[in-house]
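**Student:** Attaching a predicted model along with its sequence, questions to come.
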Amino acid sequence: MTVRSRGSQAGLGAVAWIIIVVLMIVLAGGLFYYTRRTGTLPGQKLGGTVTVLGVWGGNELESFLAMLKPFESQYGVKVQFEGTRDLNAVLTTRLEGGNPPDLAALPGPGQMAEFARAGKLVPLNSVLELGAMKAQYAQSWIDLGAVDGKVYGIFVKAALKGLIWYNPKAFVAAGYSVPSTWDELLALTDRVAADGKTAWCIGLESGAASGWPATDWIEDIVLRTAGPDVYDSWYRHEIPWTDPAVKRAWELFGKIATTAKYAYGGADGVLATNFGESPFPMFTDPPGCYLHHQATFIQDFIQKQFPNLKPGEDFDFFAFPPIDQGVPKAVEAAGDLLGMFRDTPQARLLIRYLTTPEAQAIWVKRGGSLSPDRKVSLDAYPDPLSRRAAEILTSAEVARFDASDLMPEAVNAAFWRGTLDYVRAPYRLDAILSNLERVAQEAYK
């Protein structure tokens with residue numbers, strides 16, 4: 001039998017109390033962190049609604065709604081989504097009428113900065129755990145959502161641009177090979193034409209945003225001819241739209257897009273074809289075209305139209321080839337931002353949720369999207385093409401964001417319209433660039 005003294009019993013009692021106090025502090029700290037991150041206690045349902053205005057439709061909307069299901073189930077918050085292809089007009093009208101959505105997709109970092117400086121957006125510094133964000137996202141992605149040191153936007157998905165898609169089996173059957181330079185790409189384009197076929201499928205129709213696919217072409221060419229420093233000077237309007245480097249990029253794009261024998265359907269086809277449907281002729285028998293320039297998200301459109309096609313076997317991509325020697329290799333990326341226009345508990349909770357790797361992995365697994373969150377595993381990507389694109393996006397030494405999305409809204413819209421005018425009448429290029437310069441001079445004031 002062991003006998004303890006009253007002193008030893010008192011000592012053990014003190015130790016037990018210390019352990020209890022420590023556990024209470026740890027539990028309280030955990031609850032405080034959880035509550036700060038979510039706005040609720042564990043197991044608590046917040047309830048209520050949150051409104052989201054966005055551009056997504058079709059598969060994109062289905063994927064976004066899939067992201068929302070765990071959130072709605074866990075917190076009891078109903079998300080009301082309103083979709084529109086004319087986001088700028090609808091959002092501006094709602095803001096002017098004093099009826100903003102809680103959250104909205106933003107046309108790009110350039111327009112986000114305009115809303116932020118006009119006092120329309122809610123700063124997110126007190127909403128997000130920026131320490132956790134920096135562990136998940138490269139600083140450049142956080143900076144793209146920031147204005148004057150404050151974060152106003154978060155990226156819910158990303159895309160790798162500057163890709164050229166093709167049908168490998170059609171290539172082999174026709175005796176074509178993947179080009180590694182711009183000159184080889186032009187030579188292939190000429191060879192396809194000489195064979196009595198059409199090399200390129202290009203579609204610029206996108207409702208109120210028609211023309212934006214052409215801006216991607218021009219941006220890729222500026223990166224590969226003038227380099228990333230000139231690219232930056234261009235979107236910041238440190239050089240004019242009439243600068244020779246900018247004009248040359250338009251002309252190289254026009255060499256393909258405005259030449260009837262190179263583009264499927266000629267100029268009329270280029271202008272009238274919806275961007276999401278434009279790669280489809282690559283998969284007809286015989287093929288209507290052999291090449292298509294578009295970002296990673298086009299894979300989703302291809303697979304929905306042709307569900308039996310296998311990525312990497314029936315369709316593939318190669319990088320937009322280098323044009324001028326000595327220009328650093330660079331990739332172009334884009335992404336969909338969300339900003340908060342009304343500060344509510346439900347809006348705070350949703351925007352925090354959408355930055356998590358668990359939420360972003362849902363869209364990634366469904367295909368058609370990349371995540372800028374480094375904690376989303378490559379294993380989450382459903383096929384070899386999306387995994388390859390994700391690796392390129394996260395490992396690129398020189399990367400630039402879509403230039404038009406960094407420009408003020410007025411310049412971006414004029415850029416879209418200018419490309420349509422150029423395809424209709426390429427001889428008017430000088431007048432088109434001069435008009436863009438006038439718009440830019442006013443917008444950048």
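**Tutor:** Good, I have the coordinates. All of these numbers come straight from a predicted model, not from anything done at the bench.
**Student:** quick one, what contacts the residue sitting nearest the centre point of the chain?
**Tutor:** What sits nearest the mean C-alpha location of the chain, by C-alpha atoms, centre = their mean, is residue 335, with 1.8 Å. Residue 335 makes contact with 141, 144, 155, 156, 157, 158, 159, 372, 401 under the criterion C-beta atoms under 8 Å, 6 or more residues apart in numbering. Heads up, the C-betas are built off the backbone N, CA and C, glycines and all.
**Student:** Please name the spatially closest residue to the fifth one (chain neighbours excluded).
**Tutor:** Using C-beta to C-beta, 6 or more residues apart in numbering and skipping the chain neighbours, the partner closest in space to residue 157 is residue 369 (4.3 Å).
**Student:** Tell me if I'm right that that neighbour and residue 67 touch.
**Tutor:** No: Residue 369 lies out of contact with residue 67 (C-beta atoms under 8 Å); the separation is 10.0 Å.
**Student:** More neighbours: the two, which one.
**Tutor:** The neighbour count for residue 369 versus residue 67, taken as other C-beta atoms under 10 Å, is higher for residue 369 (27 against 21).
**Student:** For that one, which residues are in contact?
**Tutor:** When contacts are counted by C-beta under 8 Å, 6+ apart, residue 369 touches 60, 63, 157, 158, 159, 296, 297, 300, 363.
**Student:** Turn the residues you listed into JSON lines, columns for pLDDT.
**Tutor:** Formatted as JSON lines, the contacts of residue 369 follow (pLDDT from 0 to 100):
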{"residue": "60", "pLDDT": "89"}
{"residue": "63", "pLDDT": "94"}
{"residue": "157", "pLDDT": "92"}
{"residue": "158", "pLDDT": "92"}
{"residue": "159", "pLDDT": "93"}
{"residue": "296", "pLDDT": "95"}
{"residue": "297", "pLDDT": "93"}
{"residue": "300", "pLDDT": "91"}
{"residue": "363", "pLDDT": "95"}
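**Student:** What about these, which are in helices?
**Tutor:** Counting by DSSP state H, the contacts of residue 369 place 60, 63, 300, 363 in helices.
**Student:** Need the max-distance pair from those residues.
**Tutor:** The two members of the ones in helices among the contacts of residue 369 with the most space between them (C-beta to C-beta) are 300 and 363, at 10.3 Å.
**Student:** So which of these two has more stuff around it?
**Tutor:** Shown here are residue 300 and residue 363; by other C-beta under 10 Å, residue 363 has more neighbours (24 against 20).
**Student:** where's that one relative to residue 73, distance?
**Tutor:** Taking C-beta to C-beta, to the nearest Å as the measure, residue 363 falls 17 Å from residue 73.
**Student:** what does residue 373 give?
**Tutor:** 21 Å.
**Student:** neighbour count winner among these two?
**Tutor:** More crowded of residue 373 and residue 73, by other C-beta under 10 Å: residue 373, with 25 against 10.
**Student:** Tell me what that one is bridged to.
**Tutor:** Taking DSSP bridges as the rule, residue 373 bridges to residue 137.
**Student:** how about it, what does it touch?
**Tutor:** If you count contacts by C-beta under 8 Å, 6+ apart, then residue 373 has 136, 137, 355, 356, 357, 360 around it.
**Student:** Where do the strands of the protein begin and end?
**Tutor:** 49-54, 78-83, 103-106, 146-147, 150-151, 153-160, 163-166, 292-294, 316-319, 331-340, 399-401 (DSSP state E).
**Student:** With distance to residue 304 as extra columns, can I get these in a markdown table?
**Tutor:** Output for these, formatted as a markdown table (distance: least, C-beta to C-beta, whole Å):
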| stretch | distance to residue 304 |
| --- | --- |
| strand 49-54 | 19 |
| strand 78-83 | 17 |
| strand 103-106 | 21 |
| strand 146-147 | 35 |
| strand 150-151 | 34 |
| strand 153-160 | 16 |
| strand 163-166 | 15 |
| strand 292-294 | 15 |
| strand 316-319 | 17 |
| strand 331-340 | 19 |
| strand 399-401 | 27 |
